[in-house]
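Q: here is a sequence with its predicted model. Questions after.
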Amino acid sequence: MLNLDMYHNPKMTENLDQLDENIVEKLSHRNKKNGLSENSKATYRSIIRDYNQFLADNELHVSQVSLKRYFDEIKGKYRAATLNLRKYALLKIIKAELGENNILMTLAIEKVFEQIDSYQMDKAVVTAECLTEDEVETIIEAAQSLKTKLLVLFLFKTGCRVSEMIHVRLTDCEPTKDYIKVRILGKGNKERKVYISNELYEEIRAEYQGEVYLFESRTGDQLKRNNVFVQIRLAGRRAGFTHVHPHMLRHARATDLLLNKEISLKAVSKYLGHASTAVTADMYIHDDFSVNEIFSRDRF
């Protein structure tokens, strides 16, 4: 069992052999906003099933020892971001299953997870995450609806995050002679400007017919993030890509501006809304040190 004996909690004297998938619904009801999305629920259930299978295969129960062994076993299979997600998810799941009303028990469970390694994530965007301009064009052509094509175009041209795009109001769009200046409210409520052509703006207005937001659903509501993800993922699959998500369009625009259009690092960083050029450089500049290249350029 979990090593919580120091708190002398009688409830913890029994072994917890497996985690219950039904706890996911309990977690969703506790969410103070709109509950967990269906994708999040599916992810949590998948993590529970994977951990339960590990327990069954190794004749273990839920404990500090089994958790440590589980993460030791899978750390070579997944990226750091996935490992940290699993760690966070299992912490929430176990806390919910054992009950969070007892403060001492909650602290003890958290202490157990503190002893499991955290996994350092590489901030650099891997090459596979950076679509080329031609690949983005292929996705646009493969999209089944004009609405989806316009979403892909807007995200690529502006380098916006989905959350930023769906919050753009008509009052944020300022027409000029040559283009539309779009006010974006990014992370930390930092304001910046991005730009789209007059033609793209007119197409979006004609197709989405928003009254408050630039992008609205048929019912006149603000577009939902999940809906945007689904549309772009499907367009990517039709174009022959196994896994395309909206944020890849931001990565694509960043690398396109830096490497192909040769826009300065400072300008691209400002356009993306990064806190500093260092953030942009760490994510998108993948320079490798070549000893032979250095030697070949030496004068002596």
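A: Everything's here; your move.
Q: residue ranges of the strands in the stretch 51-200 of the chain, please?
A: With DSSP state E, counting those that start in this stretch as the definition, the stretch 51-200 of the chain shows strands at residue ranges 173-175, 180-185, 191-196.
Q: among the ones you listed, which comes closest to residue 165?
A: Set against residue 165 and scored by CB to CB, the strands of the stretch 51-200 of the chain come closest in strand 180-185, at 8.4 Å. All C-beta spots, glycine's among them, are computed from the backbone N, C-alpha and C.
Q: contacting residues around that closest one?
A: Contacts to strand 180-185, defined as CB atoms under 8 Å, 6 or more residues apart in numbering, come from residues 158, 160, 164, 167-168, 172-175, 191-198, 200-201, 214, 273.
Q: cutoff 7 Å now
A: 158, 160, 164, 167-168, 172-174, 191-196, 198, 201, 273 (CB atoms under 7 Å, 6 or more residues apart in numbering).
Q: I'd say residue 250 and residue 161 touch.
A: Yes: at 6.4 Å, residue 250 counts as touching residue 161 under the criterion of CB atoms under 7 Å.
Q: what residue is smack in the middle of the protein?
A: Here the mean C-alpha position of the chain is nearest to the C-alpha of residue 247 (CA atoms, centre = their mean), at a distance of 7.5 Å.
Q: and the pLDDT for that residue?
A: As predicted, residue 247 sits at a pLDDT of 90.
Q: can you list the domains in the protein?
A: For the chain, automatic domain parsing gives the domain ranges 5-114, 127-284.
Q: least confident of those, on average?
A: domain 5-114 - the lowest mean pLDDT of the domains of the chain, at a mean of 77.
Q: how distant is that domain from the center of its chain?
A: From the chain centre to the centre of domain 5-114 is a distance of 21 Å (CA atoms, centre = their mean, to the nearest Å).
Q: renumber starting at 17 from here on
A: Understood, numbering begins at 17; the last thing we discussed is domain 21-130.
Q: buried stuff in stretch 99-115?
A: Under the neighbour-count criterion of 16 or more other CB atoms under 10 Å, stretch 99-115 has 99-103, 105-107, 109-114 buried.
Q: which one of the domains of the chain is the most hemmed in?
A: Mean neighbours per residue, mean count of other CB atoms under 10 Å, is largest over the domains of the chain for domain 143-300, with a mean of 16.
Q: return the distance of that domain from the chain's centre.
A: The mean C-alpha position of domain 143-300 is separated from the chain mean by 15 Å, CA atoms, centre = their mean.
Q: which ones are touching residue 278?
A: Neighbours of residue 278 in contact, by CB under 7 Å, 6+ apart: none.
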